[in-house]
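Asker: Fold the following for me, if possible:
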Amino acid sequence: MSALLEVKDLRSGYGRIPILFGIDMTVQDGEYLGILGHNGMGKTTTLRALMGHLPTTGGTVAFAGRSITHLKPHERSRLGIGLVPQGREIFPDLSVLENLRMGLAAAPKEDRSVIDTVLQDFPRLVRLLDRRGGALSGGEQQLLALARCLCTKPRLILLDEPTEGIQPSIIEEIIETLLALKKRWNMSLIVVEQNLEFITSLSDRVLNIQKGRITEELDRESLLARDPAMHPA
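Answerer: I've put the predicted structure just below:
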C-alpha cells in the first residue's frame, strides 16, 4: 500500500541559499509524524517546501498517489494539505467566527455546518466566537489556527512549532485535541517541534533533523526509553 505522502531526496532553500539537502520521508493515512530539531536545522523549511511556499530544487513529493512536486500552495490545499504556520497567523481584527469562515474561503460555497462540526472538538472556542482574534491568549490563538485549518477538511496537516509561547495547561489541551482528532477525522499530521515531551506524546514516529538532513528515525517506544520519566499523554 502506498503512503499518503512520499518525499524523496527533497531539496529546497531560500534563493541561492540551500537549506534542505535530500529529505526522505513517508506518512501513512492516519499517522502522526514528528520532526524534532533545534532552531535553524530545517524544520520550518521542510514544511514550507511541502506546502509549496518554497520551490523544490531537487527530489520529488507525491501526495495521495500523484506528484505535487511543482504545484502551487493553493493547489496542494485543494488536494487536502493544510498548514498551521509558526506564529499562527490568525486575523487579529476579525472575530473567532470570522477567522473560521476564512477557512471556507476556497470552498465553492460557504457551509456553516463545517464550522459547527469542527467546533465539536474545540469547546473552548465556542464561547469565544464573537471575540476578536487578537484578544485571545496565545494558546487560544493556536487552537483557533488549528480549527481554521480543519475547516478546509485536510487529509494531512502540517503543524509548525505549536507550543511556542504557549502556557503548559493549553499545551496539554492541544495534545488532547490532536489525539481526539486523529480518532475522529482519521487525518495525518506532520508536527515540527523542539519540545520533546510534546512531540513524543503525539507522534507514532519521530525524525531528527540536523542541518537540512534527516539523521535518525525513532518510534515512540524508543523515545520513551531514552527518558523513562516521560509518559504518553
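Asker: only C-alpha atoms for contact and neighbour calcs from this point on.
Answerer: Noted.
Asker: show me where pLDDT drops low in the protein?
Answerer: For the chain, applying pLDDT under 70 flags the ranges 1, 106-110, 226-233.
Asker: Gly165 reaches Glu140, doesn't it?
Answerer: No: contact criterion CA atoms under 8 Å: Gly165 and Glu140 do not qualify, at 11.4 Å.
Asker: Of these two, which one has the most company?
Answerer: A count of neighbours by other CA atoms under 10 Å puts Glu140 above the other of Gly165 and Glu140, at 20 against 13.
Asker: what residues are up against the more buried one?
Answerer: By CA atoms under 8 Å, 6 or more residues apart in numbering, Glu140 lies in contact with Arg124, Leu125, Ile170.
Asker: so what does the longest helix along the chain touch, helix or strand wise?
Answerer: Counting residues, the longest helix found in the chain (DSSP state H) is helix 168-185. Helices and strands touching helix 168-185, by 3 or more CA pairs under 8 Å, 6 or more residues apart in numbering; DSSP states H and E, are helix 138-150, helix 196-202.
Asker: Please identify the buried residues of that helix?
Answerer: If you call a residue buried by 16 or more other CA atoms under 10 Å, then helix 168-185 has these buried ones: Ile170, Ile171, Ile174, Ile175, Leu178, Leu179, Leu181, Lys182.
Asker: Once you drop chain neighbours, what's closest to the last one?
Answerer: In this structure, Lys182 finds its nearest non-sequential neighbour in Gly30, 6.6 Å apart by CA to CA, 6 or more residues apart in numbering.
Asker: Let me know whether that neighbour touches Leu181 as I believe.
Answerer: No: using CA under 8 Å, Gly30 is not in contact with Leu181; the gap is 10.0 Å.
Asker: any residues in contact with both of those two?
Answerer: By CA under 8 Å, 6+ apart, the residues touching both Gly30 and Leu181 are Met187.
Asker: ok, so of the contacts of Glu140, who is nearest Cys151?
Answerer: Using CA to CA, Leu125 is the member of the contacts of Glu140 that lies nearest Cys151, at 13.9 Å.
Asker: one step back: so which of the helices and strands packed on helix 168-185 is the most surrounded?
Answerer: Ranked by mean neighbour count, the helices and strands packed on helix 168-185 are led by helix 138-150 with a mean of 24 (mean count of other CA atoms under 10 Å).
Asker: I'd like the next helix or strand past it.
Answerer: strand 156-160 (DSSP states H and E).
Asker: With just CA atoms, put that next one into CSV.
Answerer: Extracted as CSV, the C-alpha positions of strand 156-160 are listed here (Å, rounded to 0.1, in the frame of the first residue of the first chain):
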residue,chain,number,x,y,z
LEU,A,156,-2.7,16.0,6.1
ILE,A,157,-2.0,18.9,8.4
LEU,A,158,1.5,20.4,8.7
LEU,A,159,1.8,21.9,12.2
ASP,A,160,4.8,24.2,12.9
